[in-house]
Structures are given as structure tokens and as C-alpha cells.
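Q: Structure for this input, please:
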Amino acid sequence: PQNIVQMIGAVAAVLAILGSLVHVARHLKYNKTRLRNCTIRILFIVPVFSIVSWCCLLFEANKWNVVVLFEGLRDLYEAVALASFLQFVFTVLGGPYRVAITLKAESAEPVHHIGPLRKCLPSFNAGAEFVAIVMVGILQYIV
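A: Okay, here's the model as predicted:
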């Protein structure tokens, strides 16, 4: 490393990676549930972000602007982690169909937005359509 910032970044990245890999190893050994794979994909966001951040520190003055490539890889894995979190939540709650049924059963009348948002956004019915809209919104953000 050429300067103290890069050295501190390397130390922080190594510590973060080691801590995350310990958690991943524990999940691989002890977690035998359906949540195992999505949990591990979520945990791998720490090493990916650590490595990318340190590489950006190393190559910030590079004339080929390779930082953009590293940031693209980071964004790609962020999308994977977000999709894994959606899968995690729906697995814990019993799937999107069960979530829709539960939401529909708990709120018979339309749900209003909070505060000043209720003046400009229409109320919505909780249920299958709401779950579908949320899923589409998350998937659009990922893409």
C-alpha cells in the first residue's frame, strides 16, 4: 500500500472478511434449515464489499478507471444479496401466498399511508396484489 489509508483499509477488510467467514463456516456446519443458502449469500456481502472497497482505495487514481468495474461487481452482488433477503423473508413467513392470506385476513378495509403521504397516495388493499407489487418493486430495484 502506498499510504496509510490503504493500509488501514487493508486491515479493516481482512478483519471484516475473517469475521464474516467465521459466520459462514458456522452456518455451513450447524445450519441445516431451508434458510441456510440464502443466509450464506447474505453473509457473503461483507467479504465482497470489503474487497471491493479496498480495491477502490488501491486503484482510485488508475488511468483506466477500473474502479467502475469493481463498483459494478459490488452492485451485482448487492442484487444477489437483496434477492436472497427477499427469499429469506418469504421462507420465514411461509411463502408469498401465506403472507398475502395473512395480510388479507388482518385488514378487511383499505390501508392508508402515514402522515402527509395519505394526501397524495391512494390507500391500498393488503393481500395478494400488495405482495405482488412489493415483489415486483424489489425485483425492479435489483435489475
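Q: give me phi/psi at the residue nearest to residue 113 when sequence neighbours are not counted?
A: Nearest non-adjacent residue to residue 113, counting by C-beta to C-beta, 6 or more residues apart in numbering: residue 121, 4.8 Å away. The way it works is simple: take the backbone N, C-alpha and C, and place the C-beta from them, glycine included. Main-chain dihedrals, residue 121, degrees, to the nearest 10: phi -120, psi 140.
Q: any idea how far the host helix or strand of residue 50 is from the chain center?
A: If you go by DSSP states H and E, residue 50 is part of helix 45-58. Relative to the centre of its chain, helix 45-58 is centred 16 Å away, using C-alpha atoms, centre = their mean, to the nearest Å.
Q: Export only the CA atoms of that helix, formatted as CSV.
A: Provided in CSV are the C-alpha atoms of helix 45-58 (Å, rounded to 0.1, in the frame of the first residue of the first chain):
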residue,chain,number,x,y,z
ILE,A,45,-21.9,-9.4,1.2
VAL,A,46,-19.3,-8.4,3.8
PRO,A,47,-16.3,-10.0,2.1
VAL,A,48,-17.5,-8.8,-1.3
PHE,A,49,-18.0,-5.2,-0.1
SER,A,50,-14.7,-5.3,1.9
ILE,A,51,-12.6,-6.5,-1.1
VAL,A,52,-14.3,-4.1,-3.5
SER,A,53,-13.8,-1.1,-1.1
TRP,A,54,-10.2,-1.9,-0.6
CYS,A,55,-9.6,-2.3,-4.3
CYS,A,56,-11.2,1.0,-4.9
LEU,A,57,-8.8,2.5,-2.5
LEU,A,58,-5.9,0.9,-4.3
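Q: where's the closest residue to residue 88 other than its chain neighbours relative to residue 135, distance?
A: Nearest non-adjacent residue to residue 88, counting by C-beta to C-beta, 6+ apart: residue 38, 4.4 Å away. Using C-beta to C-beta, to the nearest Å, one gets 15 Å for the distance from residue 38 to residue 135.
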